[in-house]
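> Any chance you can model this:
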Amino acid sequence: MRWSLVVLILLFANGCTGLHKPVPHTGPVCYVLYGAGGAPFSHLRDLRKLPVRVVIGDHVQWRQFAKDAELDDGPVFVVGHSAGAAAAISLARKLNESGKQVEKLFLIDISPPILPDWIARPIPPNVVTCYWWQTGKPNRERPEPEHGNNRTQFRQMNAGGRDHLGVAKLAAEQILKDSLIP
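Alright, predicted model coming up:
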């Protein structure tokens, strides 16, 4: 009984990735990665209202999402908040290695103090458009393109003085209201 409980706890702590079997999907898909401990507070769940298939998970699930996206036959969109934003860059980079295009990459309040190497992971050339929102805290940087990447368009969005969780709510509202994901 005790071992069963330990196994269940480990599976859920790891996002049940051991039980996940990728299923090919036709049509647009949006992968949403929230930050460390952000699931209960994340307004990114509102993105389930999008008119596309939406897959939401923790920032540590980016590798599994990359495997899934390689099977998808349709446009790919990626949204990340906080630690999930750094994971979203990693997801886009992995898809670049497999030749898969990311139509839009949405980065919401990347936190260099938590993830100091995020700037070392520039935006790969398979990203068509990169939207980003930042709070006004010190040490915040803008995302940069990978060397030689003159393809990606960058669009800074106004965070409107919101705090770390407030900017996630604002970004989700703007993505929905402005139909940034068709």
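
> Tell me how many other residues crowd residue 27.
The tally of other residues near residue 27 (other C-beta atoms under 10 Å) stands at 11. No exception for glycine: its C-beta is placed from N, CA and C like everyone else's.

> let me redo that: residue 164
With other C-beta under 10 Å as criterion, residue 164 counts 17.

> so what pLDDT did it get?
On pLDDT, residue 164 comes in at 80.

> pretty sure it contacts residue 82?
Yes. Counting by C-beta atoms under 8 Å, residue 164 touches residue 82, with 6.8 Å between them.

> which ones are touching residue 70?
Neighbour list for residue 70: 95, 98, 100 [criterion: C-beta atoms under 8 Å, 6 or more residues apart in numbering].

> Please, which helix or strand holds it?
Using DSSP states H and E, residue 70 sits within helix 62-71.

> ok, now residue 159?
Assessed by DSSP H and E, residue 159 sits outside every helix and strand.

> any idea how far it is from residue 26?
35 Å (C-beta to C-beta, to the nearest Å).

> who's more crowded, these two?
For the pair residue 159 and residue 26, the greater number of neighbours falls to residue 159 (20 against 9), based on other C-beta under 10 Å.

> wait, that one sits on residue 167?
Yes. Using C-beta under 8 Å, residue 159 is in contact with residue 167, at 4.8 Å.

> ok, residue 36 - how many residues close by?
Neighbours of residue 36 under the rule other C-beta under 10 Å: 14.

> okay, now the closest residue to it other than its chain neighbours: neighbour count?
Spatial nearest neighbour of residue 36, chain neighbours left out: residue 83 (4.6 Å); criterion: C-beta to C-beta, 6 or more residues apart in numbering. Residue 83 has 22 neighbours, counted by other C-beta under 10 Å.

> Over to residue 148?
7.

> May I have the secondary structure class of it?
Secondary structure, DSSP: H, G, I helix; E, B strand; the rest coil: residue 148 is coil.

> ok, now which ones touch it?
Applying C-beta under 8 Å, 6+ apart, we find residue 148 in contact with residue 125.

> May I have the phi/psi pair for the most centrally placed residue in the chain?
Computing the C-alpha centroid of the chain and ranking residues by C-alpha atoms, centre = their mean puts residue 80 first, at 2.9 Å. Dihedral pair for residue 80: phi -140, psi 140, per degrees, to the nearest 10.

> Below-threshold pLDDT in the protein: ranges please.
The chain contains residues with pLDDT under 70 at 1-25, 38-42, 111-121, 136-142.

> in stretch 46-53, what counts as buried?
47, 50 (16 or more other C-beta atoms under 10 Å).

> what's the first-to-last distance across it?
13 Å (C-alpha to C-alpha, to the nearest Å).

> Return the set of buried residues in stretch 166-181.
Neighbour counts using 16+ other C-beta under 10 Å place 167-172, 174-175, 180-181 of stretch 166-181 among the buried residues.
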